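Peer 1: Kindly return the folded structure for what I paste below:
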Amino acid sequence: MSSLNEGWFTEIFQDQGTAFSLQIKQKLHEEQTPFQKLEIYETETFGNLMVLDGCVMLTSRDNFLYHEMMTHPALFTHRDPKKVAIIGGGDCGTLKEVLKHPGVEEAWQVEIDERVTRMSEKYFPELCESNEDPRANFFFGDGIQWIRDVAPGSLDLIIIDSTDPVGPAEGLFALDFYRDALLALNEGGLIVQQSESPMLHTDSIIKSIHTDLRKAGFDHVHTLPFPQPVYPTGWWSCTMAGKHKPVQYFREEDADNRPFVTRYYNAGVHRGALAMPQFMAESLGDPVQPGEG
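Peer 2: Modelled structure (predicted):
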């Protein structure tokens, strides 16, 4: 739930007894789309803020942390990624980071709510700089059905840039969806799932993601934590899984010599994110660390 009182937007996590607030200058936009309530605010210190159904989605100031970690670790783990599908990601920030990789030949953004993309183009234009790239393709509709319909073995990487596992996004965290994703990937293909807060969700959502990905047939699964100030606890994660492809090792030299600018990601950050905190390793039964095994 959320509230707007005396110039502050507050997202309240009632079941966790915590909240996060941003000081607001003004409301820029509000609408009820066919799928969710969409609000955009101008904040005092974090730039523009997008809110969906009362939940903070992104701000101008810190979104690079999330978008870079949802993309570059997987792209530098895959041997030679050429065809990428982004399920969700309507703000286009993930698409922008994917298309920084010159080897990517085709990227699909599959977003159920077109209004998120259109309002991002207006209020977060810096995230939409690659929307006209000839490699960028947009499909506005059901991502679950899109993955089910895509040619088997045709994708190198699937990025699930979804909201929390409720409402329209709930099916993106399901075993059946992961099975369809496995079929859509070629040998050595990877999937990346945004996987919530390690502090709040390791024993619930993250553990379920690991269990279901393995049941679906992904034989290598690993969660990478990273900072994200505007999300619950300020600590977030993505979970990466490989189709017959270990995910604890990556093309370090290519990451070091990447031909594009990043603000957070580098090879050292990638190595550090692979070092899973002890409580997570124990909970997930995944003690493998870089350099072991």
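Peer 1: Give me the spatial nearest neighbour of residue 77, chain neighbours excluded.
Peer 2: Leaving out its chain neighbours, the residue that sits closest to residue 77 by Cβ to Cβ, 6 or more residues apart in numbering is residue 250, at 4.4 Å. All C-beta spots, glycine's among them, are computed from the backbone N, C-alpha and C.
Peer 1: The one you found and residue 98: what is the separation?
Peer 2: 16 Å (Cβ to Cβ, to the nearest Å).
Peer 1: end-to-end on stretch 92-106?
Peer 2: 15 Å (Cα to Cα, to the nearest Å).
Peer 1: mean confidence score for that stretch?
Peer 2: Stretch 92-106 comes out with an average pLDDT of 98.
Peer 1: With stretch 268-286 instead?
Peer 2: 93.
Peer 1: what's the distance between that stretch and the middle of its chain?
Peer 2: 18 Å (Cα atoms, centre = their mean, to the nearest Å).
Peer 1: Restrict that stretch to CA atoms and write it as PDB.
Peer 2: Output of stretch 268-286 as PDB, limited to C-alpha atoms (Å, rounded to 0.1, in the frame of the first residue of the first chain):
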ATOM      1  CA  GLY A 268      34.600  -6.900 -10.300                       C
ATOM      2  CA  VAL A 269      31.000  -6.200  -9.400                       C
ATOM      3  CA  HIS A 270      30.000  -9.300 -11.300                       C
ATOM      4  CA  ARG A 271      32.500 -11.500  -9.400                       C
ATOM      5  CA  GLY A 272      31.300 -10.000  -6.100                       C
ATOM      6  CA  ALA A 273      27.600 -10.600  -6.900                       C
ATOM      7  CA  LEU A 274      28.400 -14.300  -7.500                       C
ATOM      8  CA  ALA A 275      29.600 -14.600  -3.900                       C
ATOM      9  CA  MET A 276      26.300 -15.500  -2.300                       C
ATOM     10  CA  PRO A 277      25.900 -14.400   1.300                       C
ATOM     11  CA  GLN A 278      26.100 -17.300   3.800                       C
ATOM     12  CA  PHE A 279      22.500 -17.200   4.900                       C
ATOM     13  CA  MET A 280      21.300 -17.300   1.300                       C
ATOM     14  CA  ALA A 281      23.600 -20.200   0.400                       C
ATOM     15  CA  GLU A 282      22.400 -22.200   3.400                       C
ATOM     16  CA  SER A 283      18.800 -21.500   2.700                       C
ATOM     17  CA  LEU A 284      19.000 -22.300  -1.000                       C
ATOM     18  CA  GLY A 285      21.400 -25.200  -0.600                       C
ATOM     19  CA  ASP A 286      23.800 -23.600  -3.100                       C
END
